[in-house]
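Visitor: Take a look and give me a structure for this.
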Amino acid sequence: MTSDVRITFLGGLGEIGRNCAVIETDTEMLILDCGQMFGDETLPGVNSVLPDFAYILERSDKLVGCIATHSHEDHIGGLPYLLADLGAQLPIYGSPFTIGMIRNKLAEDGLVSQASFQEVADGESKSIGGFEVEFLPVTHSTPSGLISAISTPQGIVLHSSDFKLDHTPIDGRRTDLARIGAISNKPGIRLLLADSTNADSPGISESEMSVGKAIDELFDTHTEKRLIFSAFSSHIHRVQQIANAAVRTGRVIIPLGRSMKRNLQLARDVGILDIPDRHIDDIERIDDYPDEKVCVVATGSQGEPRAALSLMAKGESKFLEIDSRDVIVFSSHPIPGNEAAVARLRNNFARRGATVVHSAHMHIHTTGHGKEMELKTLHAVASPEWFVPVHGEYAHLVAHAALGRSMGLSDDRVVLCEDGDQITITGDGITRARVTDGAKVFIDGSVGHLTQDVIDDRLLLGQHGFLAIDAIIDWDRRELIGPPRLISRGWLDSGSATDILHEGAKVAEDAIVAALADPDIDFDDIERVTRRAIGRWVNARTRRRPVLAPMLRSISG
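Guide: Numbering: from 1, shown residues only. Prediction:
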């Protein structure tokens, strides 16, 4: 009897980031990517947002490996956290550049020994447990991405990874549609899992090569100034175009930011970034060059507070003092949710007299995700029996589901899933079930895992402040010792606080005294009664919701 195959989506469906899924039979399980998201203003103090790995950890005896499709954090950033909990060595499969990125990431946490690194080449097939996986090249905004054609007992599952069609890529490495077509012809593609990020964007994405014209124009226009480009440190193709223009105009490339320096070195080591030695130097020697010979490539294009670009904008960089001699180029679009942080960054540079250039001014960025016509091409070539849209916000998944139906798939052959859903592939077709709650795991670097309740409390504290009710009770005599005290932080300004706090203290006193008159009440109930009374008073008095913390102490007479 042919074994059923189950695919469980732990992250990346319905939101951008923390992509993670597992494909399994009764005896073996393979991870497809293991990513993270980052905190924003809605998640105060949160460094990382992870999938809930409980499903994997509970079945770790079945685990045969992890496919890392490419090097972006939303696909590999969760690996250190998973490996720290796993307690066993995990084989990780990926291209040499992706494996190098993962190795560097794990080295920071002393976890290199927890992984077995398996480099794969374009077109290579690997047996991963009972799964036979063929790795095909795919174009994206970081080098050496891989499509995975996974042979399972229920046919081929084709996982597109982050996907676009670029007919003139910087490295000449195109998405292998021909091989996808051959697989579709024989033995056929049972299920397609495909990137949905730009499914609601009409047309075709522009080639990365098109950005090079704008980069050349910047070098040719600002011949007397320092050029400072911000870009993702994994966007090696963008850096290559910047380097090409720098070499052409006699400038030196100076990487700034730990990840930028490390990733450029890795890319040169594996042969996918070509910068002559004489045209690259360390930031500590920037003063050895006149302005017109300098081109800095820096991290921090998304407004990250401690990244190199933010430090420059705030005047806190150890190496650069920004002024009117500088041209700051934002060679990326703000990630959704980062718009305000990026706008502040640009404003800070403008205040320092720098010339600021971004995508609203000229064509200095293009997406790494295929738009509607590219996705239609993928569907036409793959001709899958079944389709599940992945990678994107929920509106993107809905748009991609509609696109799949427009390409001839019947409604029942397109399965729309969310985090926590599991599909089961059998000889009769595909069914969907809810197997986990799709929970996020929040990581605060200083205290570890956080619950949603803690996040909610932090948001309340930030928006409404804090109010403590301090009271001492003689429990033996059932008496309040002295009046309660209200302590406020971030709720009222000092000018209006005294009278209102006295008023609130009287409300707390009346509630406690009334509660103590009940011979059957216990101490925990008195705290609850006090919290409710103060909560009603606070809402009626100020229409705000500070975090309430009764601090009732009991003594014996």
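
Visitor: you'd agree D74 is up against C20?
Guide: No: D74 sits out of contact with C20 when judged by Cβ atoms under 8 Å, with a separation of 9.6 Å. To be clear about C-beta, it is placed using only N, CA and C from the backbone, and glycine gets the same treatment.

Visitor: neighbour-wise, which of the two wins?
Guide: Neighbour count, other Cβ atoms under 10 Å: between D74 and C20, C20 has more, with 29 against 23.

Visitor: and the more buried one, bridged to which residues?
Guide: Beta-bridge partners of C20, counted by DSSP bridges, are G11, C34.

Visitor: How is G110 assigned, secondary-structure-wise?
Guide: The three-state label given to G110 by DSSP: H, G, I helix; E, B strand; the rest coil is coil.

Visitor: and it, how far is that from P80?
Guide: According to Cβ to Cβ, to the nearest Å, G110 stands 10 Å off from P80.

Visitor: The two - which one has more neighbours?
Guide: More crowded of G110 and P80, by other Cβ under 10 Å: P80, with 22 against 10.

Visitor: So for the helix or strand harbouring the more buried one, what gets flagged as buried?
Guide: Per DSSP states H and E, P80 falls inside helix 79-86. Buried residues in helix 79-86, counted by 16 or more other Cβ atoms under 10 Å: 79-83, 86.

Visitor: Looking at these, which one is closest to E339?
Guide: Y81 (27.9 Å; Cβ to Cβ).

Visitor: So S332 is in contact with T299, correct?
Guide: No: contact criterion Cβ under 8 Å: S332 and T299 do not qualify, at 10.8 Å.

Visitor: shared neighbours, those two?
Guide: In terms of Cβ atoms under 8 Å, 6 or more residues apart in numbering, S332 and T299 are both contacted by the residues 230, 232.

Visitor: if we can go back for a sec, pLDDT and distance to S259 for the buried residues of helix 79-86 - can I get that in TSV?
Guide: Output for the buried residues of helix 79-86, formatted as TSV (pLDDT from 0 to 100; distance: Cβ to Cβ, whole Å):
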residue	pLDDT	distance to S259
L79	96	16
P80	93	15
Y81	92	18
L82	95	21
L83	96	20
L86	93	25
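
Visitor: Greatest separation within those: which pair is it?
Guide: It's P80 and L86 that sit farthest apart of the buried residues of helix 79-86, by Cβ to Cβ, at 10.7 Å.

Visitor: show me what contacts the residue lying closest to H379 once chain neighbours are set aside?
Guide: Nearest non-adjacent residue to H379, counting by Cβ to Cβ, 6 or more residues apart in numbering: M407, 4.3 Å away. Contacts for M407 (Cβ under 8 Å, 6+ apart) come out as 376, 379-380.

Visitor: Quick check on those residues: which are buried?
Guide: With neighbours counted by 16+ other Cβ under 10 Å, the contacts of M407 contain buried members at 376, 379.

Visitor: thinking again about what came up before, need the residues touching each of D74 and C20.
Guide: Common neighbours of D74 and C20, counting by Cβ under 8 Å, 6+ apart, are 12, 35.

Visitor: Please name the nearest non-neighbouring residue to R489.
Guide: Distance criterion Cβ to Cβ, 6+ apart; nearest residue to R489, sequence neighbours excluded, is F466 at 4.6 Å.

Visitor: Show the end-to-end separation of stretch 270-277, please.
Guide: End-to-end distance for stretch 270-277: 15 Å, by Cα to Cα, to the nearest Å.

Visitor: Stretch 380-389 now?
Guide: For stretch 380-389, the end-to-end distance is 15 Å (Cα to Cα).

Visitor: Quick check: buried residues in that stretch?
Guide: For stretch 380-389, using 16+ other Cβ under 10 Å, the buried residues are 381-389.

Visitor: Equivalent analysis for stretch 469-477, please.
Guide: 469, 471, 473.

Visitor: Return the closest of those with respect to F349.
Guide: Looking across the buried residues of stretch 469-477 and measuring by Cβ to Cβ, the closest to F349 is I469, at 47.2 Å.

Visitor: Confirm that closest one sits in a strand?
Guide: Yes: secondary structure of I469 (three-state DSSP): part of a strand.

Visitor: Please report the distance of it from D326.
Guide: 54 Å.

Visitor: do A508 as well
Guide: Relative to D326, and taking Cβ to Cβ, A508 is found at 58 Å.

Visitor: Which positions are bridged to D326 in the beta structure?
Guide: R226.

Visitor: coming back round to it: so how far is the helix holding P80 off the chain centroid?
Guide: Put simply, helix 79-86 sits 17 Å off its chain's centre (Cα atoms, centre = their mean, to the nearest Å).

Visitor: C-terminal to that helix, what's the next element?
Guide: The helix or strand immediately downstream of helix 79-86 is strand 90-94, counting by DSSP H and E.

Visitor: Contacts for that following strand, please.
Guide: For strand 90-94, contacts defined as Cβ under 8 Å, 6+ apart pick out 63-71, 79, 82-83, 99, 102, 114-120, 126, 128, 133, 135, 146.

Visitor: From those, list just the buried residues.
Guide: Counted by 16+ other Cβ under 10 Å, the contacts of strand 90-94 give 63-71, 79, 82-83, 99, 102, 114-115, 117-118, 120, 126, 128, 133, 135, 146 as buried.

Visitor: Which of those residues fall in strands?
Guide: If you go by DSSP state E, the buried ones among the contacts of strand 90-94 have 63-67, 115, 117-118, 126, 128, 133, 135, 146 in strands.

Visitor: Residue ranges in the stretch 101-250 of the chain under the pLDDT threshold?
Guide: For the stretch 101-250 of the chain, no stretch has pLDDT under 70.

Visitor: same deal with the chain?
Guide: For the chain (pLDDT under 70), the answer is 1, 39-47, 336-337, 445-463, 492-497, 556-557.

Visitor: longest helix in it, by residue count?
Guide: helix 494-516 (DSSP state H).

Visitor: For that one, buried residues please.
Guide: Judged by neighbour count (16+ other Cβ under 10 Å), helix 494-516 contains these buried residues: 500-501, 504-505, 507-509, 511-512, 515-516.

Visitor: Repeat that for stretch 305-324.
Guide: Neighbour-count burial for stretch 305-324 flags 307-313, 317, 319-320, 322 (criterion: 16+ other Cβ under 10 Å).

Visitor: that older thread, wait, which of the buried residues of stretch 380-389 is closest to V357?
Guide: P389 (35.1 Å).

Visitor: so I275 makes contact with A243?
Guide: Yes: I275 lies in contact with A243 (Cβ under 8 Å); the separation is 4.7 Å.

Visitor: Which of the two has more residues huddled nearby?
Guide: Comparing I275 with A243 by neighbour count (other Cβ under 10 Å), the higher total belongs to A243, at 24 against 20.

Visitor: so who does that one touch?
Guide: With contact taken as Cβ under 8 Å, 6+ apart, A243 is in contact with 253, 273-275, 279-280.

Visitor: one more time with 7 Å
Guide: Contacts for A243 were tallied using Cβ atoms under 7 Å, 6 or more residues apart in numbering; they are 253, 275.

Visitor: need the next SSE after the helix or strand hosting it, C-terminal direction.
Guide: Take DSSP H and E as the rule and A243 turns out to sit in helix 236-248. Going down the chain from helix 236-248, the next helix or strand is strand 252-256, by DSSP H and E.
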